[in-house]
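A.B. asks: got a predicted structure plus its sequence, pasted below:
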Amino acid sequence: MKILITNIKELLQVRENNIAKVSGAEMAILPKIDNAYLIIENNLIADFGAMENCPKIAVDQTIDATGKVVLPTWVDSHTHIVYAGNRVQEFVDRINGLSYEEIANRGGGILNSAKKLNETSEEEIYNQSKARLEEVMQQGTGAVEIKSGYGLTVEGELKMLRVIKKLAENYPIKIKATFLGAHAFPIEYKENHSAYIDLIVNEMLPKIAEEKLADYIDAFLETGYFSVEETERIMMAGKQYGLIPKIHVNQFTAINGIEACVKHGALSVDHLEIVTDEDIEILKNSVTMPVALPSCSYFISIPYTPARRMISAGLPLALATDFNPGTTPSGNMNFVVATACIKMKMTPEEAINGATINGAYAMGISETHGSITKGKIANLIITKPLTSYYQLPYAFGTNLIDQVIIEGKLI
């Protein structure tokens with residue numbers, strides 16, 4: 001199948017040579033071609049350039065993109081799409097003045113989702129989760145990381161990871177699975193943390209490795225959840241099974257968690273609503289990608305990741321949704337990009353880089369996704385007619401997507 005897209009008003013994120021990520025001042029640069037063409041062949045980007053150089057070739061389909069912007073699909077490197085039910089009541093509880101911690105202390109939060117998940121069949125969880133996956137694909141997401149973490153039992157975690165595997169097998173979107181057994185301590189282990197970590201290390205991990213159910217390992221490194229020492233033990237155990245760390249850290253407090261993550265070669269550190277100067281220094285010259293989750297900050301009214309400080313210090317930054325039932329019940333990356341511009345003062349160029357090339361790095365797929373580069377997977381958003389791509393974050397409540405191409409096929 002060969003597809004030719006012609007008369008593209010603006011072709012964004014054009015990288016002749018593949019790069020892994022952009023950092024610091026480079027984040028403000030978004031290479032583009034005005035009045036462009038692009039050729040898809042065998043699900044890959046085969047060629048692109050200015051319309052005046054468009055070759056005369058036989059194709060199976062031509063798409064006229066007059067007035068439209070074409071860019072890579074969003075790469076969402078942090079989600080919890082697989083879950084059962086919802087936590088609507090907690091949304092109302094927060095409006096009525098309860099904090100995240102207060103809700104958790106009375107059996108809400110992660111433990112609430114774990115109870116629902118363990119009471120729900122694998123088939124029903126799959127059916128609920130595939131509807132969410134289909135929605136985010138229609139919203140322009142072409143690659144997504146999905147975490148476990150609402151099982152908190154051996155069977156519950158395996159059930160979640162099997163659902164993620166089934167989604168990956170049944171949909172063209174690129175999916176990476178992350179094992180997050182260390183999301184919270186179940187009630188029966190509240191006073192015996194080491195026993196639950198033993199369960200993760202000695203029972204969950206071997207079974208997950210045996211079935212090849214995960215690519216990454218995660219933990220909620222936070223005051224009241226998993227300490228630095230506990231998270232280090234989990235990271236080390238995961239690495240023995242080839243699972244690279246991607247860690248929740250610095251959402252509410254800074255307790256030297258980022259230093260531990262960098263020390264253990266974490267691919268990403270996610271949330272970072274609270275960031276110290278020491279954290280920034282530690283992240284410099286590391287292989288670890290900082291990931292901001294602005295729609296989480298929006299939904300539960302906590303601080304936003306200090307993007308300007310971090311980018312000014314020369315760091316890269318990725319953007320992701322944190323799609324989950326409790327603190328971000330949305331997988332809309334368009335809203336994430338807009339919120340990063342509006343609330344974190346990122347430029348549209350920085351935000352799009354954060355949601356494409358840097359998101360791909362945070363998922364470990366920058367060789368194949370995240371930019372318009374020959375030989376990469378043909379994952380594209382074709383917008384409706386726009387005055388410029390600045391409309392994407394500007395018109396934050398409007399669906400400006402006309403078509404989505406994933407793995408070379410219109411969805």
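C.D. replies: Sure, I can see it.
A.B. asks: ramachandran coordinates for the nearest residue to Lys166 once chain neighbours are set aside?
C.D. replies: Spatial nearest neighbour of Lys166, excluding adjacent residues (CB to CB, 6 or more residues apart in numbering): Tyr126 at 5.8 Å. Just so you know, the C-beta spots here come from the backbone N, C-alpha and C atoms, and that holds for glycine as well. Dihedral pair for Tyr126: phi -60, psi -50, per degrees, to the nearest 10.
A.B. asks: need the three-state assignment for Phe48.
C.D. replies: Assigned by DSSP: H, G, I helix; E, B strand; the rest coil, the conformation of Phe48 is strand.
A.B. asks: OK, contacts around it?
C.D. replies: Leu11, Val14, Ile33, Ala36, Tyr37, Leu38, Ile39, Ile372, Lys374 (CB atoms under 8 Å, 6 or more residues apart in numbering).
A.B. asks: cutoff 6 Å now
C.D. replies: By CB atoms under 6 Å, 6 or more residues apart in numbering, Phe48 lies in contact with Leu38.
A.B. asks: separation between it and Ser366?
C.D. replies: Taking CB to CB, to the nearest Å as the measure, Phe48 falls 18 Å from Ser366.
A.B. asks: how about the helices in the stretch 201-350 of the chain?
C.D. replies: 205-211, 228-240, 257-263, 277-283, 294-300, 307-312, 333-344, 348-355 (DSSP state H, counting those that start in this stretch).
A.B. asks: reformat the ones you listed as TSV; add distance to Pro393, mean pLDDT and mean neighbour count.
C.D. replies: TSV is the format used below for those (distance: least, CB to CB, whole Å; pLDDT from 0 to 100; neighbours: other CB atoms under 10 Å):
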stretch	distance to Pro393	mean pLDDT	mean neighbour count
helix 205-211	38	98	16
helix 228-240	34	98	19
helix 257-263	28	97	22
helix 277-283	25	97	17
helix 294-300	11	96	23
helix 307-312	13	98	18
helix 333-344	4	98	23
helix 348-355	5	98	27
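A.B. asks: make JSON lines from the ones you listed and add distance to Tyr150 to it.
C.D. replies: What follows is the helices of the stretch 201-350 of the chain, written out as JSON lines (distance: least, CB to CB, whole Å):
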{"stretch": "helix 205-211", "distance to Tyr150": "15"}
{"stretch": "helix 228-240", "distance to Tyr150": "17"}
{"stretch": "helix 257-263", "distance to Tyr150": "22"}
{"stretch": "helix 277-283", "distance to Tyr150": "28"}
{"stretch": "helix 294-300", "distance to Tyr150": "16"}
{"stretch": "helix 307-312", "distance to Tyr150": "29"}
{"stretch": "helix 333-344", "distance to Tyr150": "22"}
{"stretch": "helix 348-355", "distance to Tyr150": "25"}
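A.B. asks: relative to Ala195, which of those is closest?
C.D. replies: helix 228-240 (11.9 Å; CB to CB).
A.B. asks: low-confidence bits of the stretch 301-411 of the chain, can you list those?
C.D. replies: Along the stretch 301-411 of the chain, no part satisfies pLDDT under 70.
A.B. asks: list the contacts for Leu272?
C.D. replies: Leu272 is in contact with Asn250, Pro290, Thr305, counting by CB under 6 Å, 6+ apart.
A.B. asks: that one and Tyr100: what is the separation?
C.D. replies: 16 Å.
A.B. asks: equivalent analysis for Pro316, please.
C.D. replies: 28 Å.
A.B. asks: pLDDT score assigned to the spatially most central residue of the chain?
C.D. replies: The residue lying closest to the centre of the chain (CA atoms, centre = their mean) is Ser77, at 2.1 Å. Ser77 is assigned a pLDDT of 98 by the prediction.
A.B. asks: now it: how far from Leu386?
C.D. replies: Distance from Ser77 to Leu386, by CB to CB: 26 Å.
A.B. asks: over to Lys68?
C.D. replies: Applying CB to CB, the value for Lys68 to Leu386 is 7 Å.
A.B. asks: so between those two, which is more surrounded?
C.D. replies: Shown here are Lys68 and Leu386; by other CB atoms under 10 Å, Lys68 has more neighbours (21 against 18).
A.B. asks: got a list of what the more buried one touches?
C.D. replies: Contacts of Lys68 (CB under 6 Å, 6+ apart): Lys9, Ile382, Thr383, Pro385.
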